[in-house]
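# Model the following, please.
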Amino acid sequence: MSGVVPTAPEQPTEEAENQVKSTTAVPDAPPDYNSHFNTGPAGPAAPPSAGLPMGYYVPQQPSAIPLYHPTGGTHPIQYQPGKYPLMNQPAPIMWMPGPAPMPNCPPGLEYLAQLDNIHVLQHLEPLELMTRFETNNRYDIKNNVDQMVYIVTEDTDDFTRNAYRNLRPFVLRVTDCLGREIMTMQRPFRCTCCCFCCPCARQELEVQCPPGVTIGFVAEHWNLCRASYSIQNEKKESAMRVRGPCATYGCGSDSVFEVNSLDGASNIGSIIRKWNGFLSTMGNADHFEIRFPLALDVKMKAMIFGCCFLIDFMYFERPPPRRSSR
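Model (predicted):
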């Protein structure tokens, strides 16, 4: 019969259900895929790659930078962009080792107890050299082996510095390697319009160590031809005298300020302003060398140290600008 379409023979219901279950069911254990594989003899072990620690995996990929993945707890060193070490970094500042505290010694002056010679190096300020604008002075205090001992910074406002120049009152703050202010030097303003022999025109410097505790004064004395000072204790009792040369601006040579006893019979030390050429003179970058006995009282060493700065401001800083007669 041509109009009848042949159909598949009917299957029992149980057999159809078994076929559906067999396509979705998961076997209890995977089949043995290695039943047809025959193991051959073991070959030689591959040597580890040179230059890399054991336990690192190096993927061999063409045209790709190998990445190292540690299997242990260590991590490879990685450099972030812009964080590579620079080869032209300036040398670190070498500080003098901090001494142990000493009895009857103000904190911070233990450094001076171990020294008989220090150098005061003023920073060269290019702004002053080009514009004649006076900035706060800064000094590095070093020992003979070029180790930093102190840092001295001036704390004065712009108007006072540029209006009075070397006649200005100032505050100098001395800090150690930890940034602690261990000493303060203050110079009050003294009128210079009157006669030089008048006591009110004589310059004075007060030294405090620690800040707020006065340990002495440096007082100027009138002299016709040379610088003269007296170093005093906290009660303003004279202990030493300082005498400078007749020509304090020693062009081409050092200027020596001698520290003597009160009677002038014995020499205790000296404050030497080194000659470093015309460039340092024009830029007010002075270099002083201070010498004193090793066994000298540490407070007197600090007073000689403070006298150096009064000498620097009075004789080696630029004078105030002269006003025109018009």
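
# hey, where'd the strands end up in the protein?
56-57, 69-70, 117-122, 138-142, 148-154, 170-175, 181-187, 204-208, 214-220, 228-233, 238-243, 255-260, 267-274, 287-291 (DSSP state E).

# ranking the ones you listed by mean pLDDT, which is last?
Mean pLDDT is lowest for strand 56-57 among those, at a mean of 42.

# could the strands of the chain be laid out in a markdown table, adding distance to Pro101 and mean neighbour count?
Quick note: C-beta positions are derived from backbone N, CA and C, even for glycine. Supplementary listing: those in a markdown table, determined by distance: least, Cβ to Cβ, whole Å; neighbours: other Cβ atoms under 10 Å:
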| stretch | distance to Pro101 | mean neighbour count |
| --- | --- | --- |
| strand 56-57 | 52 | 14 |
| strand 69-70 | 49 | 12 |
| strand 117-122 | 20 | 19 |
| strand 138-142 | 20 | 19 |
| strand 148-154 | 17 | 18 |
| strand 170-175 | 18 | 19 |
| strand 181-187 | 12 | 20 |
| strand 204-208 | 19 | 22 |
| strand 214-220 | 17 | 21 |
| strand 228-233 | 23 | 20 |
| strand 238-243 | 25 | 18 |
| strand 255-260 | 27 | 19 |
| strand 267-274 | 25 | 19 |
| strand 287-291 | 23 | 19 |
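
# For Gly108, find the nearest of those strands.
Gly108 lies closest to strand 181-187 among these, at 2.7 Å (Cβ to Cβ).

# mind listing what Asn276 touches?
Asn276 makes contact with 285-287, according to Cβ atoms under 8 Å, 6 or more residues apart in numbering.

# swap that for Val207, please
By Cβ under 8 Å, 6+ apart, the contact list for Val207 reads 183-185, 214-218, 302-303, 306.

# run the last query once more with 6 Å
For Val207, the contact set (Cβ atoms under 6 Å, 6 or more residues apart in numbering) comprises 185, 215-216, 303, 306.

# Could you find the closest non-adjacent residue to it?
By the measure of Cβ to Cβ, 6 or more residues apart in numbering, the closest residue to Val207 outside its immediate chain neighbours is Gly306, 4.3 Å from it.

# on that earlier part again, tell me which of the strands of the chain sits nearest to Met94.
Of the strands of the chain, nearest to Met94 by Cβ to Cβ is strand 148-154, at 6.6 Å.

# which residues sit against that closest one?
Outside strand 148-154, the residues that touch it by Cβ under 6 Å, 6+ apart are 93, 95-96, 111, 136-139, 141-143, 170, 172-175.

# got the CA positions of it in PDB?
Extracted C-alpha coordinates of strand 148-154, given in PDB (Å, rounded to 0.1, in the frame of the first residue of the first chain):
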ATOM      1  CA  MET A 148      78.700  66.000  61.100                       C
ATOM      2  CA  VAL A 149      78.400  67.200  64.700                       C
ATOM      3  CA  TYR A 150      75.700  69.900  64.600                       C
ATOM      4  CA  ILE A 151      73.500  71.900  62.200                       C
ATOM      5  CA  VAL A 152      73.000  75.600  62.900                       C
ATOM      6  CA  THR A 153      70.100  77.500  61.300                       C
ATOM      7  CA  GLU A 154      69.200  81.200  61.700                       C
END
